[in-house]
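S.K.: give me a 3D structure for the following:
(chains A, B, C, D and E)
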Amino acid sequence: MGKHVVVIGAGPAGLETSASLAKLGFHVTLVEKEDVSGGHLKKWHALFPTLLSGKDALETITKGLDSSIKIQTATKVTGLEAVNDYFTISGHNGWQEKADAVVLTTGFQLFDSHRKEEYGYGIYENVITSADLEELFASGKAFVNRHGNKPERVGFVHCVGSRDEKVNNLHCSKVCCITAVKQAIEVKQLLPDAEVFCFYMDLRMFGRHYEELYKEAQEKYNIQFIRGRLSESTEDRDGNIVVKVEDTLLGKPLRIKVGLLVLMAGMEPAPDTKPLANMLGLKNVSDGFIQPLDEVLHTNSTEIPGVFVAGTCSGPKSVSDTLADARSAALAVADYLKS
Amino acid sequence: MKLEGKRLIWQDYQKEIADDHYFYARSCIRQTFFPGAEAVFVKILKDELGKDIHDEQHHTSCTGIGYHSDVVPFDTTMTVVARQFALMTEAGYENYAASCVTSFGLYTEILDTWHHFPEKEAQIREYLFKATGREFTKPKNLAHASDIVYKFRHQIAAKAKYKLVDKNTGKPLKVVEHIGCHYSKMFPHKGIGGAEYPYVLSGMIEAWGGEVIDYPERRHCCGFGFRQYLVQANRGFSLSCSKKKFESMEPYEPDMIITNCPGCPMFLDRWQYALSEMEGKTYGENHNGIPVFTYEEVAGMIMGYDPWEIGLQVHQVPAEPLLDKIGIPYDSSRKFKGKNGEDLGMPESPSYLKFYSE
Amino acid sequence: MTFDLFVLPFFIGLLFLLGVLVVKYSRWIAMMDASDRVKAGMALFSFNLLKTVNEIFLESLLHRRMFKRNPLLGYMHMSFALGWFLLIVMGNIESRVYSGGHINPPYYPIFLKFFIHDKRVLPFEIFTLPGFFRFTMDLILLFVLSGLVLAVIKRTRSKWFGLKRTTVHNSFDRWAITSLWLIFPMRLLAESFTAGIYKGGGFLTNTLGSIFDAILPLEYMAYPAWWAYSTMLGIFFVTLPWSRFMHIPTEIILIFLRNAGIDQGKYPGSFSEIEIRSCPRCGVCIDVCQMNQAGLTGSTAVYFIRSLREKLPEVQLNSNCMMCGRCLEVCPVGIDTLGLRIGARGVDNKGFASDFTYLVNQPIVEKKAEVVYFAGCMGHLTPGVKRAMLQIFEKAKIDFTFLDEDGSVCCGRPLKLAGMKEASLTLISENSAKIKNTEAKILVTSCPICYKVFNDDYQLDGIQVMHHSVFIYNLVKDGKLVLRQTDLKAVYHDPCELGRGSGIYEQPRNVLKQIAEVADVSEERVNSLCCGGSIGDLNMDAVKRNLIRDKALTILCESQPDILVTACPLCKKTFDSGNATVVKDIAEVVAENLALNKLHKQTVDMVKL
Amino acid sequence: MEKKAKYFGYSITRDRQIDYDANNHDICKIIAKAEPTLNLCISCGTCAATCTAGQFTDFSLRQVILLLRRGETKSLENEVSKCMLCGKCQLVCPRNVSTRNLVIQIGKALYDKKLSAETVNTK
Amino acid sequence: MGELYNRLADDIRFVESLKACINCGTCTAICPAAEFYNYDPRVIATTVQSQDDEKIRELMSSDAIWYCGECMSCKTRCPRGNAPGLLIMALRSVSQDMGFFTESEKGRQQLAVKRTIGDQILASGYCVRPDMVDPGMHPEQGPVWDWEHKNLIPVMNKLGANYNGEGSGALRKISQDDLDELQKIFEITGGQERYDKIEEFSKEKAAEMGLEFGTDTNSEYFQHIYTANNQKHNHE
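M.R.: Numbering: from 1, shown residues only, chains lettered A, B, ... in the order given. Now for the predicted structure:
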């Protein structure tokens, strides 16, 4: 066939799309702005619901890559143009390619928790994000808060940067609920004596075995779930975090001190997505996530023939959803290039 | 606590504050309880900084307290505010400086409302014209008086005789800053430093040598709650709110509280008295209470103005221990005397709070 | 010679035992309510006593109930009880014969062969008086020993005796049983050795004695054997009051009191104490208990009663019982295990303060009718049952008052089962007033739980209480309902509270038979299984309940029926969740299979012809 | 020097906020041990919806469990006494919480607490 | 959608204050009133959101809408950009216009606010004046205020105020022309009407309660509403 596809972004979506496209017989170039591929996954310690290690997951995905795939790392795409029936793609470092189809797999960026000022991230030492916690898990360091003490209580705040007009994010990030449950369990495994609380609005346990994990968190680990969105956190003299929340199921405001507060930072569109979409002339990117041609039927196609999307650049997804989406994108590309 | 984190946030909440030519609107509560503070403000701006500040005689209350205790309808309040704007326009000013935080919040709210509902603005213009024959231009710059002091905090520091430093230890004084709720809780971008970590007073405290204390109930309302204080039956609420703050700040051993809202300093001052009388509990060192000041008073203090001229004697919590700490001289015998030294008698001594006189 | 030192262990043991029994019995009598004491006193001088004696003979000696359950087991128990009893009786007669009718010291008949050793007379000695005794006594001893052999076999082959599981005993029981088991071999040895030395004894002891004499120095061994025999008796008597064998003297009292019309009354009380000590720990109740399926073997009646006896504060044990009554059915002593359980729960839960003052001034149903219908809590949870009943009422043109149409006040049975008697009485009086207010003649309920408590604890002044299955049965019998035969194959499940609890087995079956072919179930009627949903259990979690449910479903569905029919909304709901087959309440089956009317049915029949 | 508290015509209000740190969580622990399915509750309210006592009162087991978990045991005191133990809640609970035993355990724990408080008082 | 809901929806503040509440409780968690009163702004939002006129009427007649202190902390945090505090203001307006406010103890207090703050605005041009802060009605103001109140003129003079003076400055006397303008504004914009309604409905209520109504702050009814507390507002 010999048709050439450029995949932009070498996270799980880009890697899996490339692997699938190569298997289908296409020439694939995978462009990545960073020096190393793997996206957010390379920093993630373990994946829900099985606690599969992020490293292992990435290795398995990478193993599927055909040697024919050209991986162009450390290249930020600065030019992307549809010319007749092909595309020209160029990078900041002078790299340039022509392609018959383009797959955008630019992924997401983690919500910057500083923006949720009232939670004190970056101000109070013992307020960290879910990503920080994954790093802490991965480092294998003793589980102590930043004062060197084992926290007696750990709180998880759901929906940080998600479902929040105050930070202009209306969407649900989909994976934070289950991630919080997973991390809460991991914390409990490391600190069996700690009390762990999840402050949530809704528990969106949509995936296979998620609800079961949630039940396990309650049954086996006695993790407490308090329905109420965190209103603010402050620091007491000992560096504990005092949080205020309404226990909405009781209809009473509640104040509780935790030694460590973990913010479940949501997914936001990657900053590179919109510029790339603009270069192509994609219109449906109002919230920064690319709107596929149809959210039910054509989830990988866009309004421009030959331009495809896969993974979280079109909306929050779990790793497994991302991989499935990537494979589905490869088929959509194949379909397009064959016709 | 990491200060860099706060600085990062403060960068996002800078606002433009006019440099000169202010139309000054006085505050009902400020002038009633701490008229010296307003006097200091005008004095510093005029005399020390050489600014032009118009002290308008025809303006009235913005009706804010009536509005927020819901006896005055929104349209009425908007029209009264429009009248203030008209007075400003007529006086040839475009920079509005409000002494009151409630007013400031209300002006902000009204301007925002008019922005979103231009038809409302048109209606209010009509009302105003019909009632008074006046017309107005919206202010080009709207600031709370504390914004202006914040803007010139370094100039004030440069001219100051004293610093917010314990003269005996050389250590900065521990200062609690209390921001009026309506300063930035409604419109975070209209306040310096935003709603969560307002910088307006912290900036002054830093510039004047003090150390800001962040305590868990820092953001809590003083408890005024308008109708919650105005009606005697509700005052328990008001008192309880302040108590919550005192209990929360107490372990940090603050030397003083600075506020930017007219009501808060009065409440935080008086409630310390009421709490001491009701439960025998006093805050601060040696049953002195924690002194509560307006930012204007503090500016006056460090500028070396006579404490009794700027009105520190009308605080129930005595200022003397703090003046001593900083090293500001004062004449005890003149504390409760009239302007020309005439005898006005003496307040009674409270049961628990320390009382200083001659 | 009428005395030897070796009799002392026996004699002291016996005196000790009698002393302990006197103390215990006196305490129980003292604990008894005055009215009960009067009842007991009167029973001593009435014909009832004959009944008691008869029952004691049948149950305590012959072990009739045990025989019914398993002949081998019955024989084993009978050989011990009756055999030993006969040994004592015959021994006494024999000793009198030898001593010329004098009253002998109590040990004398027991050790008669030590004191008296006459030579054997052959060959027709059985027709002589001493010969007769020697023969008979040896025969009885052999009878006892045969039981002993069975008991030993039962240790490893309990299934031959109809028992899958046997009781695990504590150390007192082990001491007692060891000594008991050794008494008779020791007696055999002692008598044989003595017979060997003196060439006396009967067919058994003489034969054995001769053999032993040939190989053993019997003159040195006989005397120690008598010591051993006496010692075993002594140990047995001393351990008896704290061992399972306490049931021997206590059961007699229990039978007497029961026949005197005395029941448990307040708990703990003398009756419950006597019941607790009447448990022989035979373990017959273990196999029938469905708690085994949930892995809660420790909850079975025998261990529950043990915990009461030994005052082990095991709340879990008290609360973990579905109160299905299967153990009650099989208990050879007839101990009211459920009553004891309720009593123990009452003690556990005495701190639970119920407060139903909120029920005061609730609106009363004004409608008056012949029939009042009470769906009950569970009926409300299974709207299908309720709807079916309403259809049936309509079809049969019954004017009725729906007492709990707008929701029920609980019948009080759950509280009663939790031991909260006072609280349940509040609900009972609340409901009673409401029921009476309807001026109905018949109270129909869909819930066997309610049905049981209505019958047992409500004073409804002549209002006839009917479970809906019986009510339907009557309607069908009276021709007010005509049912349609289908080709369904059904099994019927007897709800505990309706079957064992209230004795209603046939009416629902008869109704069902008019609709479907009803297959037999291996465990039905009195042996019916509990569905596992029982509100009788206070503690068991759902996982365990499901194990019980699934096992019951397996047995119920052995014949692969199209439909499992029951007559209890709770059973229905529980079985339904097991997803084994279609589950319906009898009322639902009836409502779905109502023929148009009698006339119509006749027409259909005619067409068929 | 004994000074008389002044009365200003109103009094200080204790806050309604659940102060988790100040609350006593021992009772919850005791009950969770006696009835571990307590932890399974997801506050769905099915129990309260079907509750027999709930027809007549504002009794809500969901609410009771929450209060218990938050250590608000004082508000629990007169709650479980309304329960008739009819068991409907147990049948409808999607998480199979052993609600009846839970109610009994709560009732008893509060009783024990009262008892221990009384013993302390009499000492 | 009922009449009451529509009335609420006419209020410009309502439009800004309630957009599809998600019941997350952020508002209640930091609400000072929810801390000390049996009050939950989340529930208020839910009730109004139901658009059930019966419930809204009940709400407007209850104490619940009068607990808010209008600090607007809720507005800062709501993830849906709602402001229960503003919603409360809309509810209070309708409650007063329709006369529901006299049904609750806290609502009845509106007359006290009107006769103090409200009347003061029109009489002096300011909401508060030092002479109005009577130590008898404000005992918590303490002995220093007591002293100051007794020596208002010299103290104010010392502190640089132009107490009751002509021209500009703190506590100056507002000229009659300015007061007339204020009065006119009140008449045109509905302020006076609001005042009159508060008086009217309160008068009815006073009659119903059998209390002398009067026109000032010394009347029986005023004293009653100013001090009455049935102790049902807090959780104790």
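S.K.: let me see the ranges of the strands in chain C.
M.R.: Under the criterion DSSP state E, strands of chain C are mapped to C:371-374, C:400-402, C:442-445, C:464-467, C:489-492, C:517-519, C:563-566, C:582-585.
S.K.: and the residue of chain C found nearest chain E, how far from C:Leu427?
M.R.: Using Cβ to the nearest Cβ, the point where chain C gets nearest to chain E is C:Tyr358, with a distance of 20.0 Å. For glycine as for every other residue, the C-beta is placed from the backbone atoms N, C-alpha and C. In this view, C:Tyr358 and C:Leu427 are 12 Å apart by Cβ to Cβ, to the nearest Å.
S.K.: next one: E:Glu54
M.R.: Distance, E:Glu54 to C:Leu427, by Cβ to Cβ: 34 Å.
S.K.: between those two, point out the one with more neighbours.
M.R.: C:Leu427 (25 against 10; other Cβ atoms under 10 Å in any protein chain shown).
S.K.: per-residue pLDDT of the residue lying farthest from the centre of chain E, please?
M.R.: Distance from the C-alpha centroid of chain E, by Cα atoms, centre = their mean, peaks at E:Lys158 (33.3 Å). pLDDT for E:Lys158: 94.
S.K.: surely it meets B:Gly341?
M.R.: No - with contact defined as Cβ atoms under 8 Å, E:Lys158 and B:Gly341 do not form a contacting pair (10.1 Å).
S.K.: what about C:Ile435, how many neighbours?
M.R.: 22.
S.K.: near chain D, which residues of chain C?
M.R.: Proximity of chain C to chain D (Cβ under 8 Å from any Cβ of the partner chain) is limited to residues C:319, C:348-349, C:351-356, C:358-359, C:362, C:377-378, C:380-381, C:406-410, C:412, C:414-415, C:418, C:420, C:427, C:533, C:535, C:538-543, C:570, C:573.
S.K.: write the PyMOL selection for whichever of those residues are buried.
M.R.: Buried subset of the residues of chain C next to chain D, written as a PyMOL selection, criterion 16 or more other Cβ atoms under 10 Å in any protein chain shown:
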select buried, chain C and resi 319+348+349+352+353+354+356+359+377+378+380+381+408+409+410+412+414+415+418+420+427+533+535+538+539+540+541+542+570+573
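S.K.: which residues in the stretch 401-550 of chain C form helices?
M.R.: Assigned by DSSP state H, counting those that start in this stretch, the stretch 401-550 of chain C shows helices spanning C:413-417, C:421-437, C:448-457, C:468-477, C:506-513, C:542-556.
S.K.: tell me the most buried of the ones you listed?
M.R.: Counting by mean count of other Cβ atoms under 10 Å in any protein chain shown, helix C:413-417 has the highest mean neighbour count of the helices of the stretch 401-550 of chain C, with a mean of 27.
S.K.: next one: the residue farthest from the centre of chain E from B:Cys28, what distance?
M.R.: To B:Cys28, E:Lys158 is 20 Å away according to Cβ to Cβ.
S.K.: check C:Asn70 too.
M.R.: To B:Cys28, C:Asn70 is 99 Å away according to Cβ to Cβ.
S.K.: higher neighbour count, those two?
M.R.: B:Cys28 (30 against 15).
S.K.: confirm for me that that one is in contact with E:Gly125.
M.R.: No - assessed by Cβ under 8 Å, B:Cys28 is found out of contact with E:Gly125, at 9.3 Å.
S.K.: pull up the overlap in contacts between these two.
M.R.: Contact criterion Cβ atoms under 8 Å, 6 or more residues apart in numbering or on different chains; residues shared by B:Cys28 and E:Gly125: B:Ser61.
S.K.: contacts only, for B:Trp10.
M.R.: Shown in contact with B:Trp10 (Cβ under 8 Å, 6+ apart): B:Ile192, B:Gly193, B:Gly194, B:Tyr197, B:Tyr199.
S.K.: just grab the bridge partners of the closest residue to A:Glu97 other than its chain neighbours for me.
M.R.: Setting aside the residues directly before and after it, A:Glu97 is nearest to A:Ile89 in space (Cβ to Cβ, 6 or more residues apart in numbering or on different chains), at 5.2 Å. Judged by DSSP bridges, the bridge partners of A:Ile89 are A:Leu80, A:Glu97.
S.K.: return the residues in contact with A:Ile89.
M.R.: By Cβ under 8 Å, 6+ apart, the residues touching A:Ile89 are A:Val6, A:Ile8, A:Val31, A:Val77, A:Gly79, A:Leu80, A:Glu81, A:Gln96, A:Glu97, A:Lys98, A:Ala99, A:Val102.
S.K.: got the contact list for the fourth one?
M.R.: Listed by Cβ under 8 Å, 6+ apart, the contact partners of A:Val77 are A:Ile8, A:Val31, A:Lys33, A:Ile89, A:Ser90, A:Gly91, A:His92, A:Asp272, A:Leu276.
S.K.: just send those back as TSV, with pLDDT, distance to B:Leu312 and secondary structure too.
M.R.: TSV is the format used below for the contacts of A:Val77 (pLDDT from 0 to 100; distance: Cβ to Cβ, whole Å; DSSP: H, G, I helix; E, B strand; the rest coil):
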residue	pLDDT	distance to B:Leu312	secondary structure
A:Ile8	97	67	strand
A:Val31	97	69	strand
A:Lys33	95	61	coil
A:Ile89	96	71	strand
A:Ser90	95	70	strand
A:Gly91	94	68	strand
A:His92	92	63	coil
A:Asp272	91	59	coil
A:Leu276	93	63	helix
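S.K.: so which of those residues wins on neighbours?
M.R.: Counting neighbours by other Cβ under 10 Å, the top entry in these is A:Ile8, with 28 neighbours.
S.K.: how about the residues of the stretch 301-450 of chain C near chain B?
M.R.: Counting by Cβ under 8 Å from any Cβ, no residue of the stretch 301-450 of chain C is near chain B.
S.K.: same question but for the stretch 151-300 of chain C, I mixed them up
M.R.: Nowhere does the stretch 151-300 of chain C come near chain B, counting by Cβ under 8 Å from any Cβ.
S.K.: in the stretch 151-300 of chain C, which spans are helices?
M.R.: Taking DSSP H, counting those that start in this stretch as the test, the helices found in the stretch 151-300 of chain C are C:171-198, C:203-215, C:218-239, C:247-259, C:270-278, C:284-288.
S.K.: quick one, which of those helices is nearest to C:Thr128?
M.R.: C:Thr128 lies closest to helix C:203-215 among these, at 13.8 Å (Cβ to Cβ).
S.K.: averaged pLDDT, the closest one. What do you get?
M.R.: On average, helix C:203-215 scores 90.
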